[in-house]
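# here is a sequence together with a model predicted from it:
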Amino acid sequence: MMKRDSGDRNYPIWVLINPKHPISHDNWTPVLDEIQDKVYREMNTRIETANIYFRNAVSDSRIVPNTLNWWGPEVAKEIELFRDIAFEYKPRILISLGAFAYEFLRRVYDIKPEKGPKAWSTANLGEEFERSIENFNIGKTNIIPLLHRVGASANFIDTHNYFCRKDDENYYRYVGSKLGAKIIENKDQLNIWINKTSGSINTTCIAP
């Protein structure tokens, strides 16, 4: 069995995952690559990724809500558990991958109104991403919603356009550049920079 979580809870960057869509090179790594590219070009250094804290939102993928069973008591218990952890460690950048992970965080932080499973379309998540970037404040936990998967399909370009609201915009470059800019803007308040004597690379993959 693979671990529920990995990384360092004291690290200021967290990534929350839907266990039905475990983290892989297909969804997180391309975004991180774009962040690192922007950071390196502007600061000539990189983010130490080995300590990023990854966590499955719930311990059992079978309790992830669907349209017939929306938010049972088991998920409510997971929300309370995560709230205790998040309020104790206070991450600065809390990235959610996909609609379920984002709504999970909204309930952790008691953001109203509560939304159903169909509320977070690609376009709506894109709008929430824009709002999170515009209101970014390093003095608090910033919830940043991303897509859980952007695959090679007939809807690939449409997905980019719905999220980014621009024709021919590359999703990974778009979100990575915006996140990278906020990280650079707040570089002195984030203890995330790589030790140049270390060659560590984070290759952790977690699943339920």
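Thanks, I have the structure now. Residues are numbered from 1 along each chain as shown.

# got any ranges where the chain has weak pLDDT?
Within the chain, the ranges that satisfy pLDDT under 70 run 1-2, 22-26, 149-169, 196-208.

# buried sites along the longest helix belonging to the chain?
Longest helix in the chain by number of residues (criterion: DSSP state H): helix 73-89. Using 16 or more other CB atoms under 10 Å as the test for burial, helix 73-89 gives 75, 78-79, 82, 86. (C-beta placed from N, C-alpha, C; glycine too.)

# closest one of those to Arg9?
Distances from Arg9 to these, taken as CB to CB, are shortest for Ala86 (9.2 Å).

# looking at it, Ile13 is touching Tyr53, isn't it?
Yes: Ile13 is within contact range of Tyr53, at 7.2 Å (criterion: CB atoms under 8 Å).

# what's around the nearest residue to Glu74 once chain neighbours are set aside, how many residues?
Nearest non-adjacent residue to Glu74, counting by CB to CB, 6 or more residues apart in numbering: Ile63, 4.4 Å away. Residues lying near Ile63 (other CB atoms under 10 Å) number 17.

# so what does Ile63 look like in phi/psi?
Main-chain torsions, Ile63, degrees, to the nearest 10: phi -100, psi 0.

# same thing with Arg41?
The phi/psi pair for Arg41 (degrees, to the nearest 10) reads phi -70, psi -30.

# neighbouring contacts of the longest helix of the chain?
With CB atoms under 8 Å, 6 or more residues apart in numbering as the test, helix 73-89 has contacts from 9-10, 14, 16, 55, 57-60, 63-65, 94, 104, 107-109, 141.

# quick one, what contacts the spatially most central residue of the chain?
Of all residues in the chain, the one closest to the mean position by CA atoms, centre = their mean is Ile95, 2.3 Å from it. Neighbouring residues of Ile95 by CB under 8 Å, 6+ apart: 13-16, 144-146.

# C-terminal to the helix or strand hosting Ile35, what's the next element?
Using DSSP states H and E, Ile35 falls within helix 29-43. Next along the chain after helix 29-43, taking DSSP H and E as the criterion, comes strand 53-56.

# is it true that Asn195 touches Glu48?
Yes: using CB under 8 Å, Asn195 is in contact with Glu48, at 6.9 Å.

# settle it for me: which of those two has more neighbours?
More neighbours surround Glu48 than the other of Asn195 and Glu48, with 18 against 8 (other CB under 10 Å).
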